[in-house]
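> Need a 3D model of the following:
(chains A, B, C and D)
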2 protein chains.
Amino acid sequence: MPHDDAPLPSVWARPRAPRRPPALSREQIVTEAVRLLDSEGVDALSMRRLGARLDTAATSLYRHVANKEELIELAVDEVYGEMPTPGPGTPEGWRAAAAAGAREMRAVILRHPWIVSVLGEVGLAYLGPNMMRYSEGMLGVFTAAGFGLEDADRALGTLSAYVVGTATGEAAWLVKLARSGRTEAEWAAGLWPAAEAAARPYPLLSAFYTAQRGKVAPATRDADFDFGVARVLDGLEAWAGRGGG
Amino acid sequence: MPHDDAPLPSVWARPRAPRRPPALSREQIVTEAVRLLDSEGVDALSMRRLGARLDTAATSLYRHVANKEELIELAVDEVYGEMPTPGPGTPEGWRAAAAAGAREMRAVILRHPWIVSVLGEVGLAYLGPNMMRYSEGMLGVFTAAGFGLEDADRALGTLSAYVVGTATGEAAWLVKLARSGRTEAEWAAGLWPAAEAAARPYPLLSAFYTAQRGKVAPATRDADFDFGVARVLDGLEAWAGRGGG
DNA sequence: CGCCCGGCGCGAACGCCGTGCGCTACGGTG
DNA sequence: CACCGTAGCGCACGGCGTTCGCGCCGGGCG
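Here you go, the predicted model:
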């Protein structure tokens, strides 16, 4: 049970100068926000709850962060910091380097699936330092492969769009799954009747769903992702081989 | 100025059975929600405001919709209803049909840019009837091109991921733009110093930004989108030509 | 040494939000 | 005419983001 924490009259109990360092920094706030988002999801992030986790009042956070939107942008770039800098990229090895960069980005998103819930407000957070570092590395991979700067940007844009789009669907699925508290197999089984009913008017979808029944595994998602990356890189490679734009 | 609408004692003014039809339907609610989202954005959608627009109380909406999340899912599928059914797709013309489907999807998202703010919660809204119809059509395009059912699904997944990823970035940009009330050129000009500063440590990004200065136009976005679609389709076509998986 | 000042943390408050509860009004049914 | 199921809604609860102004405190300056 919570104890009564009304101020005690005793001198002995009075804490002496408990806060020598500024007690709060933007870095701490962002770090804790990411932790909260990771563990409880995007709906659980409120200034009050975040303040409570930092043993401070919600309003104190505003000394270090303009508003919640800015906090979220900082949190997004914070997690992008987990991506290693892509590259260096050699003329022969550029496909592997680009694919590795794509996989890293997907991995980060799936480790922090709340990110896709805010991507629509933040865009791709182009200007965050970690995103910049990543983009520079990827541009290096493509230019080393012989792409001109403008072509490298379009290649990166195409690949990144694929990654974000894939990860959006995957992360949304993972979030629903986690909220449900069930295993993936249980959840899929529970969803199946609805899916089958919704697909009934459509022969191709029905055939596909019945063929796929029971095959929903993380391995399938990984393979599907790699498939898409390979096709995108194939397309970019063929285009570069034809002389590009 | 708003008039006083306290109940009048006069019999003549009393409205007689003003509500013969059920006065409210799920369809009306969803339609009005989409209108509100289109005109004022995702933050403006609240049950109270939506109720006010329908001349009803917020709580009345719950007779027709389980909760806000369900309402949003319905709204998402509602806008997907704007997409024509893709197809039919001939062995020769499958690329054009697939590209048309992709363009329609992007167009819908850009017409309703709030959708990317909720896509992370809703996933790709796989089970909505309009999304099902779209998927069936696209699967038909790919199977007519000679793809097996499973391969058609992966092709569709790859292409859709690209579309969603691209549109996410574009829509987020458009929303920020609209909220700012400035023209695209003004907004880009205002953002430029920050972008340049953020890019300064990175030679490729700096070179690219300075080269691109002033070129941000809708035409560029359209061209970039078509570029990516072409590369993805190139990749899929080459893979199918090699015999697929 | 004393005083002021700038910045930090915070309590209170404002105007919203989603939604559960239980009442009322009313058309259709026996 | 009594009953019942249901649509609509008033109220209330707990929580939200954010603003404002106050108190506190350490450091610089007179």
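> Please work out the average pLDDT along stretch A:24-32.
Taken as a whole, stretch A:24-32 carries a mean pLDDT of 96.
> buried stuff in that stretch?
Buried residues in stretch A:24-32, defined by neighbour count with 16 or more other CB atoms under 10 Å in any protein chain shown: A:24, A:29-30, A:32. For every residue, glycine as well, the C-beta is placed using N, CA and C.
> Same question for stretch A:231-245.
Across stretch A:231-245, burial judged by 16+ other CB under 10 Å covers A:231-237, A:239-240.
> ok, now stretch A:169-188?
Residues of stretch A:169-188 classed as buried: A:169-175, A:177, A:187-188 (neighbour count, 16+ other CB under 10 Å).
> Can you tell me what sits against that stretch?
Here stretch A:169-188 makes contact (CB atoms under 8 Å, 6 or more residues apart in numbering or on different chains) with A:41, A:106, A:109-110, A:113-117, A:190, A:214, A:216-218, A:221, A:225, B:119-124, B:161, B:164.
> Which residue is the nearest non-sequential neighbour of A:Glu69?
Nearest non-adjacent residue to A:Glu69, counting by CB to CB, 6 or more residues apart in numbering or on different chains: A:Glu121, 7.1 Å away.
> likewise A:Tyr62?
Residue nearest to A:Tyr62 in three dimensions, not counting chain neighbours: A:Met47, with 8.0 Å by CB to CB, 6+ apart.
> So for that neighbour, what's the pLDDT?
pLDDT, A:Met47: 98.
> so what's it up against?
The contact partners of A:Met47, taken as CB under 8 Å, 6+ apart, are A:58-59, A:61-62, A:68.
> what does A:Leu236 give?
Going by CB under 8 Å, 6+ apart, A:Leu236 touches A:155, A:158-159, B:231, B:235.
> Kindly format the C-alpha coordinates of stretch A:135-148 as CSV.
The C-alpha coordinates for stretch A:135-148 follow below in CSV (Å, rounded to 0.1, in the frame of the first residue of the first chain):
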residue,chain,number,x,y,z
SER,A,135,21.5,8.4,-45.6
GLU,A,136,25.0,9.6,-46.2
GLY,A,137,26.3,6.0,-45.8
MET,A,138,23.7,4.6,-48.2
LEU,A,139,24.4,7.3,-50.8
GLY,A,140,28.0,6.3,-50.5
VAL,A,141,27.1,2.7,-51.2
PHE,A,142,25.3,3.7,-54.4
THR,A,143,27.7,6.3,-55.7
ALA,A,144,30.6,3.8,-55.1
ALA,A,145,28.6,1.5,-57.3
GLY,A,146,28.7,4.0,-60.1
PHE,A,147,25.4,5.8,-59.6
GLY,A,148,25.4,9.5,-60.1
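> Give me the residues contacting that stretch.
For stretch A:135-148, contacts defined as CB under 8 Å, 6+ apart pick out A:85-91, A:94, A:97-98, A:101, A:126, A:149, A:151-153, A:155-156, A:159-160, A:240, A:244, B:202-205, B:208.
> Distance check, the residue nearest in space to the middle of chain A against DNA strand C.
By CA atoms, centre = their mean, chain A has its centre lying nearest to A:Ile109, at 2.6 Å. In this view, A:Ile109 and DNA strand C are 26 Å apart by CB to the nearest atom of the strand, to the nearest Å.
> what do you get for A:Gly148?
46 Å.
> and that residue, how many neighbours?
When neighbours are defined as other CB atoms under 10 Å in any protein chain shown, A:Gly148 has 13 of them.
> got it, and A:Trp192?
Neighbours of A:Trp192 under the rule other CB under 10 Å: 15.
> OK, contacts around it?
The contact partners of A:Trp192, taken as CB under 8 Å, 6+ apart, are A:Arg213.
> now that we're looking at it, how far away is DNA strand C from it?
26 Å.
> can you tell me which helix or strand that residue belongs to?
Counting by DSSP states H and E, the element that carries A:Trp192 is helix A:184-199.
> Show the subsequent helix or strand relative to the least confident helix or strand in chain A by mean pLDDT.
Using mean pLDDT, DSSP states H and E, the weakest-scoring helix or strand in chain A turns out to be helix A:184-199, at a mean of 91. Scanning forward in sequence from helix A:184-199 by DSSP H and E, the next helix or strand is helix A:203-212.
> buried stuff in that next one?
Neighbour counts over helix A:203-212 (16+ other CB under 10 Å) mark A:204-206, A:208-209 as buried.
> TSV please, covering the residues you listed and showing pLDDT and distance to DNA strand D.
Below are these laid out as TSV (pLDDT from 0 to 100; distance: CB to the nearest atom of the strand, whole Å):
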residue	pLDDT	distance to DNA strand D
A:Leu204	98	36
A:Leu205	97	32
A:Ser206	97	32
A:Phe208	96	36
A:Tyr209	93	32
